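here's a sequence, model it:
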Amino acid sequence: MICGGGGGGVSPGQVPPALEWKFSQVFGERAAGEEVQEVDIISAIEFDKTGEHLATGDRGGRVVLFERTDGKDLRSRKELEGSDYAVSKHPEFRYKTEFQSHEPEFDYLKSLEIEEKINKIRWCQSANGALFLLSTNDKTIKLWKVLEKKVKKVSDVNVDPSMRIGNGNLVELNPVLNSKSASSRTMNGGESQWTNDFILPSDGIPSLRLPTVVCSNEIAHVARCRRVYTHAHDYHINSISNNSDGETYISADDLRINLWNMEVSDQSFNIVDIKPANMEDLTEVITSAEFHPVHCNTLAYSSSKGTIRLVDMRQSALCDKHAKLFEEQETPGSRSFFTEIIASISDIAFAKGGRYILSRDYMMLKLWDVNMESAPIAIFKVHEYLRPKLCDLYENDSIFDKFECCVSGDGLRVATGSYSNLFRVFGAVAGSDEATTLEASKTPNRRRLVQIPSKPGRSLSFARRGGNRRGNEISGNEINGGAYDFTSKLLHLAWHPSSNMIACAASNSLYMYYS
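Presented below is the predicted three-dimensional model:
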């Protein structure tokens, strides 16, 4: 388990109290009975490193940006001192802008449709007041620059805009132009049309003014695509991750991981390739990849076999040989048809500092210490109540759902999503029994789950293997009154980097909670 003292005012060896989560905000909340369009479903969430901005991507290829508003009170100091209420301390966000990142494409060589769905978003270092972020669909990665620009307007024109009539007569303010010969000039699609009988006065137009362009106080957010990184992946991209050096990033598909330089869009270096000479010999695929948050030469990637490999790029140009392999040994006699399917890791995340790695497979969360490869130091069971339902889950393909996981900024807690729009928060400090279940709604605590103690025999077997397993025995009858809502799945969530705040996606709605 993570030792205390990682942040939040917790002394070494002290177990922090369980957090009381409260609803903060919701964006895109749907009305009762409202049908959700497929393109509006959120498919990616990411906070930037400062916590000042949040980005979401959806299946329609759009990226929506939100900015933090608390702490940006524009009142004077005197007004603030005279206010009789405390300013809210938890982060609050507002809509900033949105743009179309990807469009649907068609690969004519492979006769393959490429969806516009945003798979991942990663924030880059900001510069000169502009925001930079990477977004990817199945095949193409794009670098976007979002900046604020003052709106420029044309002023001092000869014609009063309020007097214009589209596709009709144009009334002029200038008495020279406001003649019978000019009365038939019309506005058609913004273009002026003059009649043939118009005669320019011999002495000119004395009051003709040249329009001028002036900057208004209006601010517009402009998104510009700076780079397009393409033609580097034969299979669907499942991960992108920025390097701590601020200059490079990796992209991963089922069989390869490529290293890119931000400034070079037409060339990448293949650093991991697990494609066998004969595809019939293929036994596993890459499911997720992440750069170390501190060491620019280190990265980790997970596989469908439930393993995590730590790679050191200093060892060789092609990093097929891992530096460390994190794998939990299988319990004898526990293998079944579903063993490999539920062992597949869907997401990994480094804790702050890079000492610990959090992984999520279908059934549970596992916390690994990079210095101990033999077994995870903590296991948090999320879907143990679904084990008797694995056949049904296989039939409806729910067993292949890919849930994300996240670690709090102080490293004291971890979180992941589940079905029925539920998500779970666990304490990661040694000795902590925090295991909270919340629903993505305005009343997140209305469906608290009752913890049932583990069976003694099972606990002893876990203890011998060094794993601390909590939140494991959840009765399925206590979830939604015994009903499993596999259509309402909370796959994507993100933890604010400096506050106890979680943003999570329930279909097309973005919910935020704080503690």
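
what segments of the stretch 51-200 of the chain are helices?
Here the stretch 51-200 of the chain has its helices, by DSSP state H, counting those that start in this stretch, at 77-82.

what sits up against the longest strand along the chain?
Counting by DSSP state E, the longest strand found in the chain is strand 212-229. For strand 212-229, the surrounding residues in contact (Cβ atoms under 8 Å, 6 or more residues apart in numbering) are 63, 65, 96-97, 99, 132, 140-156, 251, 260, 262-263, 265, 268. Yep, even glycine has a C-beta here, placed from its N, CA and C like the rest.

now the buried members of those.
Using 16 or more other Cβ atoms under 10 Å as the burial test, these include 63, 65, 96-97, 99, 132, 140-147, 251, 260, 262, 265, 268 as buried.

quickly run through the sheet partners of the longest strand of the chain, with directions.
Sheet pairing of strand 212-229 (DSSP bridges) gives strand 141-155 (antiparallel).

average model confidence for the partner strand?
What strand 141-155 shows for mean pLDDT is 87.

thinking again about what came up before, what's the following helix or strand past the longest strand of the chain packed up against?
Using DSSP states H and E, the next helix or strand after strand 212-229 towards the C-terminus is strand 239-242. On a contact count with 3 or more Cβ pairs under 8 Å, 6 or more residues apart in numbering; DSSP states H and E, strand 239-242 meets strand 120-123, strand 131-136, strand 248-252, strand 286-291.

out of those strands, which comes closest to Ile114?
strand 131-136 (11.4 Å; Cβ to Cβ).

pretty sure Ala505 is in contact with Leu490, am I right?
Yes: when contacts are counted by Cβ atoms under 8 Å, Ala505 is listed as touching Leu490 (7.0 Å).

please enumerate the shared neighbours of the two.
Contacts common to Ala505 and Leu490, judged by Cβ under 8 Å, 6+ apart, are Ala440.

settle it for me: which of those two has more neighbours?
Ala505 (27 against 24; other Cβ atoms under 10 Å).

quick check, pLDDT for that one.
Here, the pLDDT recorded for Ala505 equals 96.

again, but for the one 5 residues further on
Note for Leu510: predicted pLDDT of 96.

burial measure for the closest residue in space to it that isn't next to it in sequence, as a count.
Using Cβ to Cβ, 6 or more residues apart in numbering and skipping the chain neighbours, the partner closest in space to Leu510 is Phe27 (4.4 Å). Neighbourhood size, Phe27 [other Cβ under 10 Å]: 18.

quick one, what contacts Phe27?
Contacts of Phe27 by Cβ under 8 Å, 6+ apart are 66, 95, 509-510.

for stretch 291-311, list the C-alpha coordinates in CSV.
Provided in CSV are the C-alpha atoms of stretch 291-311 (Å, rounded to 0.1, in the frame of the first residue of the first chain):
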residue,chain,number,x,y,z
PHE,A,291,5.1,7.5,-20.0
HIS,A,292,6.7,7.8,-16.5
PRO,A,293,5.7,11.2,-15.0
VAL,A,294,9.3,12.0,-14.1
HIS,A,295,11.8,9.9,-16.0
CYS,A,296,11.7,10.7,-19.7
ASN,A,297,13.4,7.4,-20.6
THR,A,298,10.9,5.1,-18.9
LEU,A,299,7.4,4.0,-20.0
ALA,A,300,5.0,1.2,-19.1
TYR,A,301,2.6,-0.7,-21.3
SER,A,302,0.0,-3.3,-20.4
SER,A,303,-1.3,-6.4,-22.3
SER,A,304,-4.3,-8.5,-22.8
LYS,A,305,-2.7,-11.2,-20.6
GLY,A,306,-2.8,-9.0,-17.5
THR,A,307,0.8,-8.1,-17.5
ILE,A,308,2.6,-4.7,-17.3
ARG,A,309,6.0,-4.2,-18.8
LEU,A,310,8.3,-1.4,-17.7
VAL,A,311,10.6,-0.3,-20.6
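
quick check: buried residues in it?
Neighbour-count burial for stretch 291-311 [16+ other Cβ under 10 Å]: 291-293, 298-304, 306-311.
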